Structure formats: C-alpha cells, structure tokens
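**Q** A predicted structure for the sequence below; I have some questions about it.
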Amino acid sequence: RQDQPCPSCTALLDQFDGAVGHLQAAGFNFAVVGKTVLENLITLGRDRGWRNMRLVSSASNSFKRDYNAEAADGSQIPLLSVFHRDPDGIRHFWSSELDFAPTEPGQDPRGLGTCETLWNLMDFTPEGRPNWNEQLQYGEACCH
C-alpha cells in the first residue's frame, strides 16, 4: 500500500498539466487515473496547482489491474494508455510498455521517457541526467 503520491508520477503530471489545455483545444481528452479515493486526488491536484487535468479514481474498481497498471500485489505501475472512441464504442488503442522490459545497469526505467520534459531537458546538457530523483518538495522551494 502506498500512502503518499509517487514523486516521479507527480513530477510527470506537473509537466502534463500545462499541455492538457492545448490537447483539449485540439479536440483531445485527458484523464489521470489514481488508485486512491477521489478526494485524495483532488487535494493533490489543488496542492500542486493543477488546473487542467481531469482526475479519476479507480479505488473501487479493477481498471488499473485490467490495463496492466497494477501488479498482483497491488503495487502501482506507471502506464500511459490511449483510448479511441468511434461509433462502435471505446477501444484501447495504445499503452506504454517499456516499464515491463528490463533496464540497463545504472539506468532508471524510461517507459515514458519521450514524454518527460524534465529528463529530456537534462539530456540536452553536457552533464546529462544526474544521479537524482524527483521529490514532492525541494526544501522550501516548491516546484510549480
């Protein structure tokens, strides 16, 4: 059981929130599914300053397990899924699956690497990615 939000997932969602308004303007929908009660998601979103993302709870259903975003022991797996609606219904179109592949020695999983602006910006520098992990807070400074 995870009592706190995942710092990496939270940092990714911090980055996505700004893009969601653009996605919506282009005709796309975007939702974040979390395995906690909706009130917790709403509180997290408010605390982080998220303004654009639709937050959805899967606390009382098997959605995350059904789409391979939850392990048998209940631990959560980061996964980005795309669904498509047409006249015949809603269908699963794509999911990021690189987190299911083994990582190289000394490397973090990069299942959503192409979507992660934070890490991609670090990749542009001569030093590259530091031995560092996202945090929910950085000392007294907030990240948004």
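**A** That came in fine, so what should we check first? All of these numbers come straight from a predicted model, not from anything done at the bench.

**Q** For this protein, name the helix or strand with the lowest mean pLDDT.
**A** Within the chain, confidence by mean pLDDT, DSSP states H and E is lowest for helix 117-123 among all helices and strands, at a mean of 86.

**Q** any idea of the pLDDT on Asp99?
**A** pLDDT, the model's per-residue confidence, is 72 for Asp99.

**Q** mind starting the numbering at 51 from now?
**A** In the new count, where the first residue is 51, that last one comes out as Asp149.

**Q** how about it, secondary structure?
**A** Judged by DSSP: H, G, I helix; E, B strand; the rest coil, the three-state class of Asp149 is helix.

**Q** which helix is the longest one in the chain?
**A** The single longest helix within the chain, with elements called by DSSP state H, is helix 57-75.

**Q** helices or strands next to it in the packing?
**A** Judged by 3 or more Cβ pairs under 8 Å, 6 or more residues apart in numbering; DSSP states H and E, helix 57-75 is in contact with helix 88-98, helix 167-173. Any C-beta I mention is one placed from the backbone N, CA and C, and that applies to glycine too.

**Q** Out of those helices, which is closest to His72?
**A** His72 lies closest to helix 167-173 among the helices and strands packed on helix 57-75, at 13.3 Å (Cβ to Cβ).

**Q** ok, Leu73 touching Phe80?
**A** Yes. If you go by Cβ atoms under 8 Å, Leu73 and Phe80 touch, sitting 5.4 Å apart.

**Q** centroid residue for the chain?
**A** Taking Cα atoms, centre = their mean as the criterion, Cys59 is the residue nearest the geometric centre of the chain, at 4.5 Å.

**Q** coming back round to it: can you convert the helices and strands packed on helix 57-75 into a markdown table and add a column each for mean neighbour count?
**A** Converted to a markdown table, these look like this (neighbours: other Cβ atoms under 10 Å):
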| stretch | mean neighbour count |
| --- | --- |
| helix 88-98 | 15 |
| helix 167-173 | 14 |
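
**Q** Right, I'll call it a day here.
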